[in-house]
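[1] Give me a model of this one.
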Amino acid sequence: MRNKEKAMGKLVDYILDFLLGFPEKQEKLVGYTADKTHFADYKVVIVPSDFFSEKVFGTATSLPTLPLPELEGVPVLFGQPKVEKIGETLVCYADLVASSFFLLSRYEELLVAERDEHGRFSGKFSLPYRAGFLSRPIVDEYGQLLRSWLRDLGCEVLEPTPDYSRIVLTHDVDFLYNFRHFRGLLGGIKRTVLGQGVDFKTVVKSLFSLENDPAYTFPWLLEQDKRVPKSHTIFFVKAAKKRAKLDYPHYSLISRDAHHFFELSNLYDCEIGLHASYASGVEPALVLQEKERLQSVISQPITSNRHHYLRIFKPEDMDMLLAAGITDDYTLGYADVAGFRLGTCRPVKWINPITKRVTELTLHPLTVMDCTLSNENYMALNYEQAWDCVRKLLLQVKRHGGEVVLLWHNTVISDRKAYHKELYAQIINFLAS
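    Have a look, this model is predicted:
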(Lines give C-alpha, C1' and ligand atoms only; values in the text may rest on other atoms or scores of the structure.)
Protein backbone atom coordinates (compact mmCIF):
# COMPACT_ATOMS: atom_id res chain seq x y z
CA MET A 1 0.00 0.00 0.00
CA ARG A 2 2.81 2.41 0.84
CA ASN A 3 4.42 1.81 -2.56
CA LYS A 4 1.12 2.56 -4.31
CA GLU A 5 0.64 5.72 -2.30
CA LYS A 6 4.21 6.80 -3.04
CA ALA A 7 3.76 6.16 -6.76
CA MET A 8 0.48 8.05 -6.73
CA GLY A 9 2.15 10.94 -4.92
CA LYS A 10 4.84 11.14 -7.60
CA LEU A 11 2.20 11.09 -10.32
CA VAL A 12 0.21 13.90 -8.74
CA ASP A 13 3.34 15.96 -8.18
CA TYR A 14 4.39 15.53 -11.81
CA ILE A 15 0.98 16.49 -13.19
CA LEU A 16 0.72 19.57 -10.96
CA ASP A 17 4.25 20.59 -11.92
CA PHE A 18 3.39 20.10 -15.58
CA LEU A 19 0.19 22.14 -15.30
CA LEU A 20 1.80 25.04 -13.48
CA GLY A 21 5.01 25.02 -15.47
CA PHE A 22 7.21 26.01 -12.54
CA PRO A 23 7.92 22.93 -10.37
CA GLU A 24 10.25 24.78 -8.03
CA LYS A 25 7.31 26.93 -6.80
CA GLN A 26 4.50 24.36 -6.79
CA GLU A 27 4.91 23.18 -3.19
CA LYS A 28 2.23 24.64 -0.90
CA LEU A 29 0.52 26.44 -3.77
CA VAL A 30 -1.75 23.70 -5.12
CA GLY A 31 -2.92 20.60 -3.26
CA TYR A 32 -4.84 17.52 -4.37
CA THR A 33 -6.93 16.37 -1.44
CA ALA A 34 -10.46 15.90 -0.16
CA ASP A 35 -9.34 16.29 3.46
CA LYS A 36 -10.78 19.65 4.57
CA THR A 37 -8.35 19.81 7.48
CA HIS A 38 -5.56 20.31 4.92
CA PHE A 39 -7.30 22.89 2.73
CA ALA A 40 -5.65 25.78 4.58
CA ASP A 41 -2.21 24.38 3.71
CA TYR A 42 -2.63 25.48 0.09
CA LYS A 43 -3.64 28.46 -1.99
CA VAL A 44 -5.67 26.24 -4.34
CA VAL A 45 -7.05 22.77 -3.65
CA ILE A 46 -8.23 20.35 -6.33
CA VAL A 47 -10.70 17.86 -4.87
CA PRO A 48 -10.20 14.33 -6.27
CA SER A 49 -13.05 12.55 -8.02
CA ASP A 50 -13.46 8.77 -7.74
CA PHE A 51 -11.51 8.20 -10.98
CA PHE A 52 -8.40 6.78 -9.28
CA SER A 53 -10.34 4.61 -6.81
CA GLU A 54 -9.77 0.86 -7.09
CA LYS A 55 -13.43 0.22 -7.91
CA VAL A 56 -13.45 2.66 -10.81
CA PHE A 57 -9.96 2.87 -12.31
CA GLY A 58 -9.53 0.56 -15.28
CA THR A 59 -13.24 -0.10 -15.71
CA ALA A 60 -15.71 1.17 -18.29
CA THR A 61 -17.32 3.35 -15.62
CA SER A 62 -14.12 5.42 -15.51
CA LEU A 63 -14.73 6.80 -19.01
CA PRO A 64 -16.27 10.28 -19.13
CA THR A 65 -19.74 10.65 -20.57
CA LEU A 66 -20.84 13.31 -23.04
CA PRO A 67 -21.71 16.11 -22.98
CA LEU A 68 -18.89 17.28 -20.74
CA PRO A 69 -19.43 20.09 -18.24
CA GLU A 70 -17.27 23.20 -18.59
CA LEU A 71 -15.40 25.31 -16.08
CA GLU A 72 -14.78 28.85 -17.31
CA GLY A 73 -15.21 27.60 -20.87
CA VAL A 74 -12.83 24.64 -20.49
CA PRO A 75 -14.20 21.05 -20.74
CA VAL A 76 -13.83 19.01 -17.55
CA LEU A 77 -13.65 15.22 -17.74
CA PHE A 78 -14.10 14.38 -14.05
CA GLY A 79 -15.58 16.05 -11.00
CA GLN A 80 -17.90 19.03 -10.94
CA PRO A 81 -17.36 22.44 -12.63
CA LYS A 82 -17.51 24.27 -9.34
CA VAL A 83 -15.06 26.57 -7.54
CA GLU A 84 -15.61 28.13 -4.12
CA LYS A 85 -13.61 30.01 -1.53
CA ILE A 86 -13.21 28.25 1.82
CA GLY A 87 -11.33 30.51 4.19
CA GLU A 88 -8.32 31.78 2.27
CA THR A 89 -8.23 28.76 -0.04
CA LEU A 90 -9.83 28.41 -3.46
CA VAL A 91 -11.34 24.93 -3.74
CA CYS A 92 -11.88 23.43 -7.20
CA TYR A 93 -14.24 20.44 -7.49
CA ALA A 94 -13.28 19.80 -11.11
CA ASP A 95 -10.68 17.03 -11.00
CA LEU A 96 -8.05 18.63 -13.19
CA VAL A 97 -5.45 16.03 -12.15
CA ALA A 98 -7.52 13.03 -13.27
CA SER A 99 -8.60 14.88 -16.41
CA SER A 100 -4.96 15.62 -17.26
CA PHE A 101 -3.88 12.04 -16.54
CA PHE A 102 -6.63 10.72 -18.84
CA LEU A 103 -5.32 12.78 -21.75
CA LEU A 104 -1.56 12.73 -21.14
CA SER A 105 -1.39 8.96 -20.63
CA ARG A 106 -3.84 8.11 -23.45
CA TYR A 107 -5.78 6.15 -20.84
CA GLU A 108 -8.88 5.71 -22.98
CA GLU A 109 -6.92 3.67 -25.53
CA LEU A 110 -6.76 0.87 -22.97
CA LEU A 111 -10.54 0.64 -22.72
CA VAL A 112 -11.91 1.61 -26.14
CA ALA A 113 -11.73 -1.39 -28.47
CA GLU A 114 -12.22 0.28 -31.89
CA ARG A 115 -9.18 0.25 -34.16
CA ASP A 116 -8.60 1.08 -37.83
CA GLU A 117 -7.26 -1.23 -40.53
CA HIS A 118 -3.70 -0.69 -39.27
CA GLY A 119 -4.59 -1.47 -35.67
CA ARG A 120 -4.37 2.18 -34.68
CA PHE A 121 -6.59 4.07 -32.29
CA SER A 122 -8.09 6.72 -34.57
CA GLY A 123 -8.64 10.31 -33.60
CA LYS A 124 -12.30 10.05 -34.55
CA PHE A 125 -12.72 7.38 -31.85
CA SER A 126 -11.27 9.64 -29.19
CA LEU A 127 -13.15 11.54 -26.52
CA PRO A 128 -11.54 14.90 -27.44
CA TYR A 129 -12.73 14.53 -31.05
CA ARG A 130 -16.22 13.43 -30.08
CA ALA A 131 -16.43 16.22 -27.51
CA GLY A 132 -15.21 18.77 -30.04
CA PHE A 133 -11.96 19.91 -28.41
CA LEU A 134 -9.23 17.92 -30.17
CA SER A 135 -7.90 21.14 -31.71
CA ARG A 136 -7.40 22.65 -28.24
CA PRO A 137 -4.56 21.63 -25.86
CA ILE A 138 -6.94 21.27 -22.93
CA VAL A 139 -4.28 20.23 -20.43
CA ASP A 140 -2.44 23.46 -21.13
CA GLU A 141 -5.72 25.32 -20.62
CA TYR A 142 -6.05 23.67 -17.22
CA GLY A 143 -2.67 25.14 -16.37
CA GLN A 144 -3.90 28.55 -17.44
CA LEU A 145 -6.86 28.24 -15.08
CA LEU A 146 -4.65 27.32 -12.13
CA ARG A 147 -2.23 30.15 -12.76
CA SER A 148 -5.04 32.71 -13.11
CA TRP A 149 -6.57 31.57 -9.81
CA LEU A 150 -3.20 31.86 -8.08
CA ARG A 151 -2.74 35.38 -9.41
CA ASP A 152 -6.21 36.29 -8.14
CA LEU A 153 -5.05 35.07 -4.73
CA GLY A 154 -2.06 37.40 -4.81
CA CYS A 155 0.62 34.96 -5.96
CA GLU A 156 3.28 36.19 -8.38
CA VAL A 157 2.62 33.71 -11.16
CA LEU A 158 3.53 34.48 -14.76
CA GLU A 159 2.14 33.01 -17.95
CA PRO A 160 4.46 31.27 -20.43
CA THR A 161 5.83 33.57 -23.11
CA PRO A 162 3.46 33.38 -26.10
CA ASP A 163 6.04 31.96 -28.47
CA TYR A 164 7.22 28.59 -29.72
CA SER A 165 9.51 26.94 -27.21
CA ARG A 166 10.97 24.83 -30.03
CA ILE A 167 10.28 24.14 -33.71
CA VAL A 168 11.00 20.60 -34.86
CA LEU A 169 10.73 19.96 -38.61
CA THR A 170 10.62 16.23 -39.22
CA HIS A 171 10.64 14.13 -42.36
CA ASP A 172 9.94 10.39 -42.49
CA VAL A 173 12.14 8.74 -45.12
CA ASP A 174 9.71 6.08 -46.29
CA PHE A 175 11.21 6.31 -49.78
CA LEU A 176 14.81 7.36 -50.28
CA TYR A 177 14.25 7.29 -54.05
CA ASN A 178 11.72 6.01 -56.59
CA PHE A 179 13.57 4.71 -59.64
CA ARG A 180 17.12 4.00 -58.51
CA HIS A 181 16.87 0.21 -58.57
CA PHE A 182 15.66 -2.35 -61.10
CA ARG A 183 12.22 -2.92 -59.56
CA GLY A 184 11.64 0.82 -59.23
CA LEU A 185 12.72 1.34 -62.81
CA LEU A 186 10.24 -1.25 -64.07
CA GLY A 187 7.50 0.31 -61.96
CA GLY A 188 8.30 3.74 -63.38
CA ILE A 189 8.16 2.47 -66.95
CA LYS A 190 4.83 0.77 -66.24
CA ARG A 191 3.38 3.98 -64.78
CA THR A 192 4.63 5.88 -67.85
CA VAL A 193 2.92 3.45 -70.21
CA LEU A 194 -0.32 3.64 -68.20
CA GLY A 195 -0.19 7.45 -68.16
CA GLN A 196 -0.02 7.68 -64.37
CA GLY A 197 1.77 11.03 -64.18
CA VAL A 198 5.33 9.76 -64.61
CA ASP A 199 7.56 11.11 -67.35
CA PHE A 200 9.75 8.53 -69.09
CA LYS A 201 12.72 10.93 -69.27
CA THR A 202 12.52 11.45 -65.50
CA VAL A 203 12.59 7.70 -64.93
CA VAL A 204 15.67 7.26 -67.09
CA LYS A 205 17.49 10.31 -65.69
CA SER A 206 16.80 9.06 -62.15
CA LEU A 207 18.56 5.82 -62.96
CA PHE A 208 21.79 7.73 -63.61
CA SER A 209 21.57 10.43 -60.94
CA LEU A 210 20.07 10.44 -57.44
CA GLU A 211 19.43 14.20 -57.62
CA ASN A 212 17.16 13.63 -60.61
CA ASP A 213 14.96 11.13 -58.80
CA PRO A 214 11.62 12.82 -57.99
CA ALA A 215 11.58 11.38 -54.44
CA TYR A 216 14.95 12.95 -53.62
CA THR A 217 13.50 16.27 -52.48
CA PHE A 218 15.72 16.54 -49.40
CA PRO A 219 17.80 19.47 -50.70
CA TRP A 220 14.63 21.54 -51.20
CA LEU A 221 13.25 20.56 -47.79
CA LEU A 222 16.51 21.45 -46.07
CA GLU A 223 16.69 24.83 -47.76
CA GLN A 224 13.16 25.50 -46.50
CA ASP A 225 13.91 24.27 -42.99
CA LYS A 226 16.99 26.42 -42.52
CA ARG A 227 14.86 29.54 -43.08
CA VAL A 228 13.23 29.01 -39.68
CA PRO A 229 15.50 30.44 -36.96
CA LYS A 230 16.53 27.98 -34.24
CA SER A 231 14.56 25.14 -35.81
CA HIS A 232 15.70 21.53 -35.55
CA THR A 233 15.39 19.03 -38.41
CA ILE A 234 15.04 15.30 -37.85
CA PHE A 235 15.02 12.63 -40.55
CA PHE A 236 13.41 9.40 -39.40
CA VAL A 237 15.08 6.59 -41.31
CA LYS A 238 13.90 3.00 -41.76
CA ALA A 239 16.31 0.27 -40.75
CA ALA A 240 14.19 -2.90 -40.84
CA LYS A 241 14.88 -6.13 -42.61
CA LYS A 242 12.16 -7.26 -45.01
CA ARG A 243 9.31 -8.28 -42.72
CA ALA A 244 5.99 -6.57 -43.39
CA LYS A 245 4.40 -5.65 -46.72
CA LEU A 246 3.77 -2.08 -45.60
CA ASP A 247 7.43 -1.61 -44.71
CA TYR A 248 8.13 -1.66 -48.47
CA PRO A 249 10.14 -0.17 -50.11
CA HIS A 250 13.36 -1.30 -48.49
CA TYR A 251 16.44 0.77 -49.19
CA SER A 252 19.98 -0.21 -48.33
CA LEU A 253 21.58 1.84 -45.56
CA ILE A 254 25.05 1.08 -46.92
CA SER A 255 24.37 2.03 -50.54
CA ARG A 256 26.02 4.96 -52.29
CA ASP A 257 22.66 6.77 -52.35
CA ALA A 258 22.15 6.34 -48.61
CA HIS A 259 25.70 7.55 -47.97
CA HIS A 260 24.98 10.63 -50.10
CA PHE A 261 21.81 11.30 -48.10
CA PHE A 262 23.59 10.95 -44.76
CA GLU A 263 26.31 13.32 -45.92
CA LEU A 264 23.67 15.88 -46.90
CA SER A 265 21.89 15.60 -43.54
CA ASN A 266 25.21 15.99 -41.75
CA LEU A 267 26.03 19.09 -43.81
CA TYR A 268 22.81 20.72 -42.57
CA ASP A 269 23.40 19.50 -39.00
CA CYS A 270 20.26 17.34 -38.96
CA GLU A 271 19.43 14.64 -36.47
CA ILE A 272 18.88 11.08 -37.66
CA GLY A 273 16.15 9.22 -35.80
CA LEU A 274 14.74 5.72 -36.13
CA HIS A 275 11.60 5.17 -38.17
CA ALA A 276 10.53 1.99 -36.39
CA SER A 277 8.98 -0.47 -38.81
CA TYR A 278 5.36 -1.34 -39.41
CA ALA A 279 6.23 -4.82 -38.17
CA SER A 280 7.50 -3.44 -34.87
CA GLY A 281 3.93 -2.40 -34.10
CA VAL A 282 3.21 -6.04 -33.29
CA GLU A 283 6.79 -7.10 -32.49
CA PRO A 284 8.16 -4.31 -30.24
CA ALA A 285 11.44 -6.18 -29.76
CA LEU A 286 12.35 -5.26 -33.35
CA VAL A 287 12.90 -1.66 -32.27
CA LEU A 288 16.22 -2.45 -30.60
CA GLN A 289 17.42 -4.46 -33.62
CA GLU A 290 16.53 -1.67 -36.01
CA LYS A 291 18.07 1.00 -33.82
CA GLU A 292 21.35 -0.90 -33.56
CA ARG A 293 21.41 -1.45 -37.32
CA LEU A 294 20.97 2.26 -38.01
CA GLN A 295 23.51 3.25 -35.35
CA SER A 296 26.11 0.94 -36.86
CA VAL A 297 25.77 2.69 -40.21
CA ILE A 298 25.87 6.34 -39.12
CA SER A 299 28.20 5.77 -36.15
CA GLN A 300 26.09 8.02 -33.96
CA PRO A 301 23.75 7.23 -31.07
CA ILE A 302 20.06 7.10 -31.98
CA THR A 303 17.80 8.49 -29.26
CA SER A 304 14.71 9.63 -31.21
CA ASN A 305 11.98 7.52 -32.79
CA ARG A 306 8.79 7.67 -34.76
CA HIS A 307 6.78 4.57 -35.62
CA HIS A 308 5.94 3.93 -39.28
CA TYR A 309 2.24 4.63 -39.96
CA LEU A 310 2.16 6.13 -36.45
CA ARG A 311 1.60 2.56 -35.26
CA ILE A 312 2.18 2.71 -31.54
CA PHE A 313 -0.23 0.71 -29.44
CA LYS A 314 0.18 -0.65 -25.95
CA PRO A 315 2.24 0.40 -22.95
CA GLU A 316 4.59 -2.44 -23.85
CA ASP A 317 5.57 -0.49 -26.97
CA MET A 318 6.71 2.43 -24.84
CA ASP A 319 8.53 0.10 -22.46
CA MET A 320 10.41 -1.33 -25.44
CA LEU A 321 11.44 2.15 -26.55
CA LEU A 322 12.85 2.78 -23.09
CA ALA A 323 14.63 -0.57 -23.07
CA ALA A 324 16.14 0.24 -26.48
CA GLY A 325 17.60 3.50 -25.20
CA ILE A 326 15.12 5.78 -26.97
CA THR A 327 14.69 8.98 -24.97
CA ASP A 328 12.38 10.93 -27.28
CA ASP A 329 9.41 9.76 -29.33
CA TYR A 330 7.62 11.79 -32.01
CA THR A 331 4.79 9.38 -32.90
CA LEU A 332 1.94 10.75 -30.82
CA GLY A 333 -0.50 12.29 -33.26
CA TYR A 334 -3.50 10.84 -35.05
CA ALA A 335 -3.20 9.88 -38.71
CA ASP A 336 -6.84 10.58 -39.53
CA VAL A 337 -7.37 13.98 -37.93
CA ALA A 338 -5.05 16.79 -36.81
CA GLY A 339 -5.11 17.88 -33.21
CA PHE A 340 -3.61 17.38 -29.78
CA ARG A 341 -3.67 13.63 -29.11
CA LEU A 342 -1.98 14.09 -25.72
CA GLY A 343 -4.10 17.08 -24.74
CA THR A 344 -0.99 19.26 -24.74
CA CYS A 345 1.33 21.00 -27.18
CA ARG A 346 4.31 20.64 -24.85
CA PRO A 347 6.74 17.73 -24.50
CA VAL A 348 5.63 15.47 -21.68
CA LYS A 349 7.05 12.42 -19.92
CA TRP A 350 5.26 9.22 -20.83
CA ILE A 351 2.93 8.16 -18.04
CA ASN A 352 2.12 4.45 -18.02
CA PRO A 353 -1.71 4.38 -17.93
CA ILE A 354 -1.74 1.04 -16.10
CA THR A 355 0.91 1.52 -13.43
CA LYS A 356 0.56 5.34 -13.29
CA ARG A 357 4.37 5.49 -13.34
CA VAL A 358 6.05 8.59 -14.78
CA THR A 359 8.96 7.44 -16.98
CA GLU A 360 12.02 9.05 -18.55
CA LEU A 361 10.65 8.74 -22.10
CA THR A 362 9.71 12.17 -23.47
CA LEU A 363 6.77 12.34 -25.87
CA HIS A 364 6.73 15.18 -28.39
CA PRO A 365 3.15 15.83 -29.56
CA LEU A 366 2.80 15.79 -33.35
CA THR A 367 1.22 19.07 -34.43
CA VAL A 368 0.26 18.01 -37.95
CA MET A 369 1.17 15.49 -40.66
CA ASP A 370 0.88 16.25 -44.37
CA CYS A 371 -1.33 13.36 -45.49
CA THR A 372 -3.70 13.84 -42.55
CA LEU A 373 -4.84 17.03 -44.25
CA SER A 374 -5.27 15.76 -47.79
CA ASN A 375 -5.99 12.02 -47.68
CA GLU A 376 -9.56 11.31 -48.76
CA ASN A 377 -9.88 8.77 -45.93
CA TYR A 378 -8.69 11.31 -43.38
CA MET A 379 -9.60 15.02 -43.39
CA ALA A 380 -9.79 15.46 -47.19
CA LEU A 381 -9.14 19.21 -47.03
CA ASN A 382 -8.44 21.46 -49.99
CA TYR A 383 -5.49 23.85 -49.88
CA GLU A 384 -7.30 26.75 -48.22
CA GLN A 385 -8.90 24.49 -45.61
CA ALA A 386 -5.58 22.76 -44.89
CA TRP A 387 -3.75 26.06 -44.38
CA ASP A 388 -6.51 27.34 -42.11
CA CYS A 389 -6.30 24.13 -40.04
CA VAL A 390 -2.50 24.30 -39.72
CA ARG A 391 -2.48 28.02 -38.95
CA LYS A 392 -4.98 27.60 -36.11
CA LEU A 393 -2.97 24.74 -34.61
CA LEU A 394 0.24 26.75 -34.81
CA LEU A 395 -1.43 29.70 -33.09
CA GLN A 396 -2.57 27.40 -30.27
CA VAL A 397 0.97 26.12 -29.84
CA LYS A 398 2.35 29.65 -29.80
CA ARG A 399 -0.25 30.84 -27.31
CA HIS A 400 0.76 28.16 -24.81
CA GLY A 401 4.51 28.39 -25.35
CA GLY A 402 4.50 24.92 -26.83
CA GLU A 403 6.59 22.92 -29.28
CA VAL A 404 5.81 22.73 -32.99
CA VAL A 405 6.37 19.30 -34.54
CA LEU A 406 5.65 19.04 -38.27
CA LEU A 407 5.79 15.84 -40.33
CA TRP A 408 6.31 16.33 -44.05
CA HIS A 409 7.34 13.34 -46.17
CA ASN A 410 9.91 13.91 -48.90
CA THR A 411 7.67 12.17 -51.44
CA VAL A 412 4.69 14.53 -51.11
CA ILE A 413 6.85 17.40 -52.37
CA SER A 414 7.13 15.80 -55.82
CA ASP A 415 3.43 14.89 -56.06
CA ARG A 416 2.14 17.22 -58.77
CA LYS A 417 -1.47 16.41 -57.90
CA ALA A 418 -1.10 17.50 -54.29
CA TYR A 419 -0.59 20.89 -52.64
CA HIS A 420 1.97 19.88 -50.04
CA LYS A 421 5.01 21.60 -51.52
CA GLU A 422 3.20 24.93 -51.71
CA LEU A 423 1.62 24.42 -48.29
CA TYR A 424 4.93 23.57 -46.63
CA ALA A 425 6.53 26.70 -48.07
CA GLN A 426 3.65 28.77 -46.69
CA ILE A 427 4.00 27.17 -43.25
CA ILE A 428 7.74 27.85 -43.27
CA ASN A 429 7.08 31.48 -44.18
CA PHE A 430 4.64 31.71 -41.26
CA LEU A 431 7.10 30.19 -38.79
CA ALA A 432 10.00 32.27 -40.08
CA SER A 433 8.14 35.58 -39.82
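[2] Point out where the stretch 151-300 of the chain drops to low pLDDT.
    In the prediction, the stretch 151-300 of the chain carries residues with pLDDT under 70 at positions 179-208, 242-243.
[3] hmm, I was thinking of the stretch 1-150 of the chain
    Counting by pLDDT under 70, the stretch 1-150 of the chain contains low-confidence residues at 1-3, 23-27.
[4] That one: helices as residue ranges?
    Assigned by DSSP state H, counting those that start in this stretch, the helices in the stretch 1-150 of the chain fall at 2-20, 96-104, 108-111, 127-131, 138-152.
[5] next one: the stretch 151-300 of the chain
    Secondary structure of the stretch 151-300 of the chain, counting by DSSP H, counting those that start in this stretch: helices at 182-193, 200-208, 218-225, 256-267, 286-298.
[6] and the shortest one, which residues are buried?
    To tie it back to what came earlier, the one meant is helix 218-225. If you call a residue buried by 16 or more other CB atoms under 10 Å, then helix 218-225 has these buried ones: 218, 221-222, 224-225. Using the backbone N, CA and C atoms, a C-beta is placed for each residue, glycine as well.
[7] Using TSV, please lay out those residues together with distance to Leu395.
    Compiled in TSV, the buried residues of helix 218-225 are given as follows (distance: CB to CB, whole Å):
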residue	distance to Leu395
Phe218	29
Leu221	24
Leu222	26
Gln224	20
Asp225	21
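[8] Among those, find me the one that's closest to Pro128.
    Each of the buried residues of helix 218-225 was checked against Pro128 using CB to CB; the closest is Asp225, at 29.7 Å.
[9] Check whether that closest one really touches Leu431, as I assumed.
    No: with contact defined as CB atoms under 8 Å, Asp225 does not count as touching Leu431 (9.8 Å).
[10] Find residues that contact each of these two.
    Counting by CB atoms under 8 Å, 6 or more residues apart in numbering, the shared contacts of Asp225 and Leu431 are Ser231.
[11] Show me what the closest residue in space to Ile326 that isn't next to it in sequence is bridged to.
    Counting by CB to CB, 6 or more residues apart in numbering, Ile326 lies nearest to Asn305, which is 4.7 Å off, once chain neighbours are set aside. Under DSSP bridges, the beta-bridge partners of Asn305 are Leu274, Asp329.
[12] Share the number of residues neighbouring Asn305, please.
    By other CB atoms under 10 Å, 24 other residues sit near Asn305.
[13] which ones are touching it?
    Shown here is Asn305, whose contacts under the criterion CB under 8 Å, 6+ apart are 236, 273-276, 287, 291, 321, 326, 328-331.
[14] swap the cut-off to 10 Å and go again
    236, 273-276, 280, 287, 290-291, 312, 321, 324, 326-331, 361 (CB atoms under 10 Å, 6 or more residues apart in numbering).
[15] Quick check on the residues you listed: which are buried?
    Among the contacts of Asn305, the ones that count as buried by 16+ other CB under 10 Å are 236, 273-276, 280, 287, 290-291, 312, 321, 324, 326, 328-331, 361.
[16] Next, Glu360: phi, psi?
    The main-chain torsion angles of Glu360 are listed as degrees, to the nearest 10 and equal phi -90, psi 10.
[17] rewinding a little: nearest to Gln385, of the helices of the stretch 1-150 of the chain?
    For Gln385, the closest of these is helix 127-131, at 17.2 Å, according to CB to CB.
[18] in that closest one, what counts as buried?
    In helix 127-131, the ones that count as buried by 16+ other CB under 10 Å are 127-129.
[19] Stretch 237-257 now?
    By neighbour count, and taking 16+ other CB under 10 Å as the criterion, the buried residues in stretch 237-257 are 237-240, 244, 247, 249, 251, 253, 257.
[20] cool, stretch 373-388 as well?
    Of the residues in stretch 373-388, those buried (16+ other CB under 10 Å) are 373-374, 378-379, 381, 386-387.
[21] Redo those residues as TSV? Include secondary structure, distance to Arg341 and pLDDT.
    Shown next, in TSV, are the buried residues of stretch 373-388 (DSSP: H, G, I helix; E, B strand; the rest coil; distance: CB to CB, whole Å; pLDDT from 0 to 100):
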residue	secondary structure	distance to Arg341	pLDDT
Leu373	helix	16	98
Ser374	helix	19	97
Tyr378	coil	14	98
Met379	coil	15	98
Leu381	coil	18	98
Ala386	helix	19	98
Trp387	helix	21	98
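[22] would you say Thr359 is within a strand?
    Yes: note on Thr359: a strand contains this position according to DSSP: H, G, I helix; E, B strand; the rest coil.
[23] what pLDDT does it get?
    In this model, Thr359 is scored at 96, pLDDT.
[24] any idea how far Pro315 is from it?
    Note on Thr359: its distance to Pro315, by CB to CB, to the nearest Å, is 10 Å.
[25] Check the helices of the stretch 1-150 of the chain for me and report the most buried one.
    Among those, the stretch with the highest mean neighbour count (mean count of other CB atoms under 10 Å) is helix 96-104, at a mean of 25.
[26] other SSEs contacting it?
    The helices and strands touching helix 96-104, judged by 3 or more CB pairs under 10 Å, 6 or more residues apart in numbering; DSSP states H and E, are helix 2-20, strand 30-32, strand 44-46, strand 74-75, strand 79-86, helix 127-131, helix 138-152, strand 348-351.
[27] still on that earlier bit, Thr359 and Pro315: who's more crowded?
    Higher neighbour count among Thr359 and Pro315: Pro315, with 19 against 16, using other CB under 10 Å.
[28] Kindly state the pLDDT recorded for that one?
    Turning to Pro315, the model gives it a pLDDT of 87.
[29] which residues touch the residue lying closest to it once chain neighbours are set aside?
    The shortest distance from Pro315 to any residue other than its chain neighbours is 5.2 Å, reached at Asn352 (CB to CB, 6+ apart). The contact partners of Asn352, taken as CB under 10 Å, 6+ apart, are 11, 105, 315, 318-319, 358-359, 361.
[30] Among these, which pair sits farthest apart?
    Taking CB to CB, the two most distant members of these are Leu11 and Asp319; they sit 17.1 Å apart.
[31] can I see the domain layout of the protein?
    Taking automatic domain parsing as the domain assignment, the ranges for the chain are 2-152, 166-176+215-432.
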